[in-house]
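J.: Structure for this input, please:
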Amino acid sequence: DLFAAGEEQWGTDEAKFIMILGNRSVTHLKMVFDEYEKIAERCIEDSIKIQGIRSIPMFFAKRLYKSMKGLGTADHTLIRIMICRAEIDMLDIRECFRLGYEKSLYNMIQEDTSGDYKRTLLQLCGGDDE
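T.: Below is the predicted model of the structure:
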């Protein structure tokens, strides 16, 4: 599926990558990345042009940041990542987010959302790292 969503087509189907990366364990993903390299004859980083894709928390921190930066919010991406990763590696994602963007994920969610939506996302986030 990753090969079809990336190397086999023009551009990258980010939704497919998020779905696969969000629903697999780190151990499984390492095996998938190694197998992908055999099939595509290039590493996954080159295929989707993302530095450090093997750092799953950094990948999700970048996606979360992009979902909230600027005007508006990419709600589908934000919700999907927060729900999929809440019990897996949210602490690591929060750390990568803070180091990469000099702002906590918690604070960005707090500034970018409102109401019950905001409260739910903040609960999934788990805490402020500032």
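J.: From here on, just use CA atoms for contacts and neighbour counts.
T.: Fine.
J.: list the helices and strands the lengthiest helix in the chain packs on?
T.: Assignment by DSSP state H gives helix 26-40 as the longest helix of the chain. Here helix 26-40 touches helix 2-5, helix 44-48, going by 3 or more Cα pairs under 8 Å, 6 or more residues apart in numbering; DSSP states H and E.
J.: Would you single out the least confident of the ones you listed?
T.: Of all the helices and strands packed on helix 26-40, the minimum mean pLDDT falls on helix 2-5 (a mean of 54).
J.: which element follows that one toward the C-terminus?
T.: helix 14-23 (DSSP states H and E).
J.: Next, the angle helix 26-40 makes with that next one.
T.: Inter-element angle recorded for helix 14-23 and helix 26-40: 140 degrees (by axes from the mean of the first three to the mean of the last three Cα atoms, to 10 degrees).
J.: how close does Ala86 sit to Thr113?
T.: 18 Å (Cα to Cα, to the nearest Å).
J.: Flag the shaky bits of the chain, pLDDT-wise.
T.: For the chain, the stretches with pLDDT under 70 are 1-15, 17, 47-54.
J.: List the contacts of Gln82.
T.: For residue 82 the amino acid is Met, not Gln. Met90, Leu121, Leu124, Cys125 (Cα atoms under 8 Å, 6 or more residues apart in numbering).
J.: Now for those: which two are most distant?
T.: Met90 and Leu121 (11.8 Å; Cα to Cα).
J.: before we move on, back to that, could you export the longest helix of the chain as CSV, CA atoms only?
T.: Presented in CSV, the C-alpha positions along helix 26-40 are these (Å, rounded to 0.1, in the frame of the first residue of the first chain):
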residue,chain,number,x,y,z
VAL,A,26,7.0,0.9,15.5
THR,A,27,8.4,-2.6,15.2
HIS,A,28,6.1,-3.4,12.3
LEU,A,29,6.8,-0.1,10.6
LYS,A,30,10.6,-0.7,10.7
MET,A,31,10.0,-4.0,8.9
VAL,A,32,7.6,-2.3,6.4
PHE,A,33,10.2,0.4,5.7
ASP,A,34,12.9,-2.3,5.1
GLU,A,35,10.6,-4.2,2.8
TYR,A,36,9.6,-1.0,1.0
GLU,A,37,13.3,-0.3,0.3
LYS,A,38,13.7,-3.7,-1.3
ILE,A,39,10.6,-3.2,-3.5
ALA,A,40,11.1,0.5,-4.5
